[in-house]
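Enquirer: Would you be able to build a 3D model of this:
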Amino acid sequence: MSIKDQVGADLKDAMRARDQLRLDTLRSVLSAFNYRRIEAGTDLSDAEQLAVVQRLVKQRTDSIEQFSKAGRDELAAKETREREILQTYLPAQKSSEDIRAVVRAAVAALPADGRNQGAVMKAVMPELKGLADGNTIRQIVVEELASA
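Expert: A predicted model of the protein is given here:
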């Protein structure tokens, strides 16, 4: 079952349960899918659907940060709940230890004069795409390069 099909089924459940926050969040996901489909001109693949959900999660994370800075805790709490709903459609995220192991292997594989943040990120992102947050990966790359 594709992500879009699962979202559609969950949307119907949210309607039956009268869960307005979940309903609004899932409607926004379907809207984003439709917008992206029109933009691409073809139906979305599973990878493209996953990328849309990841983008929505990132938007919520950025909003939470901004609302927290502005002292708007009620809006930050709403965005947090929406992000939790969206994260159920993402694959399980890798732990920091798993990310660190991939980064160490990439650093070891690179020549000593070619070890910089960009080269390491380029090496690890294909393996970690969708399985870890880019900011977390970047932070671990910086830490590993500093200790290497």
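
Enquirer: tell me, what residue is most central in the protein?
Expert: What sits nearest the mean C-alpha location of the chain, by CA atoms, centre = their mean, is Q54, with 3.3 Å.

Enquirer: Now do the residue nearest to G134 when sequence neighbours are not counted against R138, distance only.
Expert: Leaving aside its sequence neighbours, G134 sits nearest to M125 (CB to CB, 6 or more residues apart in numbering; 7.6 Å). The C-beta positions use only the backbone N, C-alpha and C, and glycine is treated the same way. The spacing between M125 and R138, counted by CB to CB, to the nearest Å, is 10 Å.

Enquirer: repeat for K122
Expert: 12 Å.

Enquirer: Compare these two (neighbour count), which wins?
Expert: R138 (16 against 12; other CB atoms under 10 Å).

Enquirer: so where does that one fall, helix or strand?
Expert: If you go by DSSP states H and E, R138 is part of helix 134-147.

Enquirer: Figure out how far that helix is from the centre of its chain.
Expert: Chain-centre distance of helix 134-147: 18 Å, with CA atoms, centre = their mean, to the nearest Å.

Enquirer: Now that helix: buried residues?
Expert: For helix 134-147, the neighbour count (16 or more other CB atoms under 10 Å) marks 137-138, 140-141, 144 as buried.

Enquirer: Likewise for stretch 4-14?
Expert: Within stretch 4-14, the residues scored as buried using 16+ other CB under 10 Å are 4, 7, 10-11, 14.

Enquirer: export those to a markdown table and tack on pLDDT, secondary structure and distance to E84?
Expert: Formatted as a markdown table, these follow (pLDDT from 0 to 100; DSSP: H, G, I helix; E, B strand; the rest coil; distance: CB to CB, whole Å):
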| residue | pLDDT | secondary structure | distance to E84 |
| --- | --- | --- | --- |
| K4 | 91 | helix | 20 |
| V7 | 93 | helix | 15 |
| D10 | 94 | helix | 13 |
| L11 | 94 | helix | 16 |
| A14 | 94 | helix | 14 |
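
Enquirer: From these, pick the one nearest L26.
Expert: The closest of the buried residues of stretch 4-14 to L26 turns out to be L11 (CB to CB; 4.4 Å).

Enquirer: residues touching that closest one, list them.
Expert: For L11, the contact set (CB atoms under 8 Å, 6 or more residues apart in numbering) comprises 23, 26-27, 30.
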